[in-house]
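S.K.: Give me coordinates for this.
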Amino acid sequence: MTLAPQSVRTQLPLVDVRGPHGSRSAMTCHYRCGDACDQPVPNPTDHGHVRTEIERVLARRAVLAAGGAGAGALVLGGLVSPAAAAPRGKGKGKPQPKPGRPVPAARQLGRTPFSPVAPNKRDRVSVPPGFRQRVLISWGDPVTRDAPRFDVDRQTPEAAARQFGFNNDYVGVLPLTRTRALLVVNHEYTTEPMMFPEGRYTPDQQRRIAMANHGMSVVEIQRANPRAGLWEVRNHRRTTYNRRVTTDTPFRMTGPAAGHAKLRTSADPTGRRVLGTLNNCAGGMTPWGTVLSGEENFNQYFQASGTIDPAYATSYARYGITASGGGRGWHEVDPRFDLSREPNEPYRFGWIVEIDPYDPTSTPVKHTMLGRFKHEGANIAVAKDGRVVAYTGDDERNDYIYKFVSRRKMMKGSSRKAKKHNMTLLTEGTLYVAKLVGDGTTDGVFDGTGTWIPLASDRKSFVPGISVAEVLLDTRLAADKVGPTKMDRPEDIEPSPVTGKVYCALTNNSTRGTAVPADEANPITSSMVRADLGAPLTPASGNRNGYVLELTERRNDPTATSFTWNLLLVCGDPEAPETYFGGFPKDKVSPISCPDNVAFDKAGNLWVSTDGNALGSNDGLFRVPVTGPERGRVQQFLTVPLGAETCGPLISDDQLTVFVAVQHPGETDGATFAAPSSTWPHSDDFPRPSVVAVWKG
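M.R.: Numbering: from 1, shown residues only. Have a look, this model is predicted:
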């Protein structure tokens, strides 16, 4: 039975949260991104907006919605990831994947009906009737063979570097056999007030422990029931694959910028060897069996003990790097985070990193060819000619969408030779930035055309006066010069494995319509349009609920330099006239606010997780068909606990499982370790970020 929004409201009235960060707490804003939304917008340019008559478009949308017709909708004609080809063999670093038998369509999660979960404020993961859930792994659980048991009163950097890190975000699952797989998880940031009993640790101890809790984890999991979606973590002492990546793990720089003077530091005069990865947010699995991870709000980790060389002022400002940073104080325990002593260290972060989970002895890499900015993540499409395309967004208000097209073609097969070749594909090619133009009509549809503007290849810069390496090191500054479109926090971007269309979650922008003009690609979405044509807007409302952008590359070729676009979802309360759900009747969808990560199932449905729900409910995960008569039918599949964000997600039809990372549970204003607002997953008297598996049971 479908639960309509009207009945939902009887349990939890939907409200428009008026703070600048949606429902995010000030604590989350401070520790996750260094209060980015309270800082000046780093993009000072005045170009790149699609100048359309947005009032007419929005007013027309209101009339169509009021008529209930849903008219004007523009409908463009194993593990759910690019077909992962893992290497063959046995033993450490040599897996022998044996995908399970194909799951009948009727049993696939993408085709399984469910009753939508109502908006709520419960301190638990709420799933539909008929589904079950289990916590797979939590902060502090042992990962490596020599990891000690977690003791919140006896944390050390050495122990943390062997245990599951804090604030899990991206989730990837790569097959080993029919019953075993590798779980790969990002650890985006730490929230010290929720991690440490008051008075138990000195500030420097907290800093060192927090540094070890950043990075990534690789953990072997196994089926607890081969006939269901029930999974469990394999004993850490019985696996050779488990691995922790922290701020001390060596990374190798690749691509044209590797070795550049701006990458050289006292500890690394070559500019080719970096320690650690920071603020890893979303990611993606490659067709050759590796994982890509995006370094996002890296700027907040740097501070200055003295003066800053003015030669860095323009570059630092464009990336939000300041003398005070996020106030973490890491420069007091590690001089490389001191801008006064190591001004080049920030250039060693802000990249897409690649890790081979199948080989725990391998050195991860940072790909300079994909540009340096606040990457949410990266996802791969393979063109018909064999070249690979990586889509990635810069998660900042008024920044841009990018894609990279490889020079060389992917080698098919799972041989060592093929994998070695494919792991070089992201080092040579061309980096582009997107410009969107609205059609300017009053058809009630947010749509238009677009162009991919080249910035640099590995051989040539397309930005006058800037070298290839400089384009890649200061990608934001280079992109500013070619006039791309400012977007509202472009986060996760992923191509559909069924249609090839590309979907981008654009989370929100509270300044849209005030400091930043609205346009057809970036409309205002907060209850500011009346139903009568020509009614005035309330621009101060801003874009608080976000939207989902749909791109169709020319001839459905991901290497093309032109595309058409439309907004699949204009998120918010379905009763608000400006919201839009792909043309589906608005009285039959779940409310959705602040889309963050996207994923697909084998049926081609889009799954959207949220971050900062501005409608008064906990964040959640939603299923949305993108083709056929149910296109735009938003159904809420789950909600996460109080104060938490829905991360991941991974929809695994082959394994009948939805994997979700529950990040920062209990991270609400006023909460402390001693007085938490949540104790989820209720294994202790304090909250622990965890990865959850949900399956049809």
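S.K.: Can you show me the strands along the stretch 201-350 of the chain?
M.R.: Under the criterion DSSP state E, counting those that start in this stretch, the stretch 201-350 of the chain carries strands at the ranges 215-223, 231-233, 243-245, 250-254, 273-275, 280-285, 291-295.
S.K.: Output those as JSON lines; include the columns distance to R24 and mean pLDDT.
M.R.: Bear in mind the C-beta positions are built from the backbone N, C-alpha and C, glycine included. Shown next, in JSON lines, are these (distance: least, CB to CB, whole Å; pLDDT from 0 to 100):
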{"stretch": "strand 215-223", "distance to R24": "23", "mean pLDDT": "97"}
{"stretch": "strand 231-233", "distance to R24": "30", "mean pLDDT": "95"}
{"stretch": "strand 243-245", "distance to R24": "27", "mean pLDDT": "98"}
{"stretch": "strand 250-254", "distance to R24": "30", "mean pLDDT": "98"}
{"stretch": "strand 273-275", "distance to R24": "30", "mean pLDDT": "98"}
{"stretch": "strand 280-285", "distance to R24": "15", "mean pLDDT": "96"}
{"stretch": "strand 291-295", "distance to R24": "20", "mean pLDDT": "98"}
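S.K.: Columns distance to R476 and mean neighbour count on top of those, output as CSV?
M.R.: CSV is the format used below for the strands of the stretch 201-350 of the chain (distance: least, CB to CB, whole Å; neighbours: other CB atoms under 10 Å):
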stretch, distance to R476, mean neighbour count
strand 215-223, 25, 23
strand 231-233, 39, 21
strand 243-245, 26, 25
strand 250-254, 19, 18
strand 273-275, 20, 20
strand 280-285, 17, 28
strand 291-295, 14, 28
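S.K.: which one of the ones you listed lies closest to D573?
M.R.: strand 280-285 (26.3 Å; CB to CB).
S.K.: Can you tell me which helices and strands that closest one packs against?
M.R.: When contacts are defined as 3 or more CB pairs under 8 Å, 6 or more residues apart in numbering; DSSP states H and E, strand 280-285 packs onto strand 168-175, strand 180-187, strand 291-295, strand 490-495.
S.K.: and N120, which of the ones you listed is closest to it?
M.R.: Closest approach to N120 among the helices and strands packed on strand 280-285 is made by strand 168-175 (22.3 Å; CB to CB).
S.K.: Using PDB, write out every CA atom in that closest one.
M.R.: Only the C-alpha atoms of strand 168-175 are listed here, as PDB (Å, rounded to 0.1, in the frame of the first residue of the first chain):
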ATOM      1  CA  ASN A 168      31.700   6.600   7.500                       C
ATOM      2  CA  ASP A 169      30.500   8.000   4.200                       C
ATOM      3  CA  TYR A 170      30.900   6.300   0.800                       C
ATOM      4  CA  VAL A 171      30.200   2.600   0.700                       C
ATOM      5  CA  GLY A 172      31.500   0.300  -2.100                       C
ATOM      6  CA  VAL A 173      31.200  -3.500  -2.200                       C
ATOM      7  CA  LEU A 174      33.500  -5.500  -4.500                       C
ATOM      8  CA  PRO A 175      33.000  -9.300  -5.000                       C
END
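S.K.: quick revisit: I'd like to know which of the helices and strands packed on strand 280-285 is closest to F404.
M.R.: It is, among the helices and strands packed on strand 280-285 and with distance given as CB to CB, strand 291-295, at 10.9 Å.
S.K.: what's the nearest residue to the spatially most central residue of the chain if we skip its chain neighbours?
M.R.: Among the residues of the chain, the one closest to the centroid is A282, at 3.3 Å (CA atoms, centre = their mean). Leaving aside its sequence neighbours, A282 sits nearest to G377 (CB to CB, 6 or more residues apart in numbering; 2.9 Å).
S.K.: can I assume that neighbour sits in a helix?
M.R.: No. Counting by DSSP: H, G, I helix; E, B strand; the rest coil, G377 falls outside a helix, being coil.
S.K.: now it: how far from T246?
M.R.: 20 Å (CB to CB, to the nearest Å).
S.K.: quick one: which of those two has more around it?
M.R.: Neighbours were tallied for G377 and for T246 using other CB atoms under 10 Å; the higher tally belongs to G377 (29 against 21).
S.K.: on that earlier part again, got the helices and strands packed on strand 280-285 as CSV, with distance to Y547 columns?
M.R.: As requested, these are exported to CSV (distance: least, CB to CB, whole Å):
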stretch, distance to Y547
strand 168-175, 22
strand 180-187, 25
strand 291-295, 21
strand 490-495, 11
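S.K.: right, and the ones you listed - which one's nearest D153?
M.R.: Of all the helices and strands packed on strand 280-285, strand 180-187 sits nearest to D153, with 21.1 Å by CB to CB.
S.K.: Centre of the chain to the helix or strand that that closest one is followed by, how far?
M.R.: Downstream of strand 180-187, the first helix or strand assigned by DSSP states H and E is helix 192-195. In terms of CA atoms, centre = their mean, to the nearest Å, the centre of helix 192-195 is found 23 Å from the chain centre.
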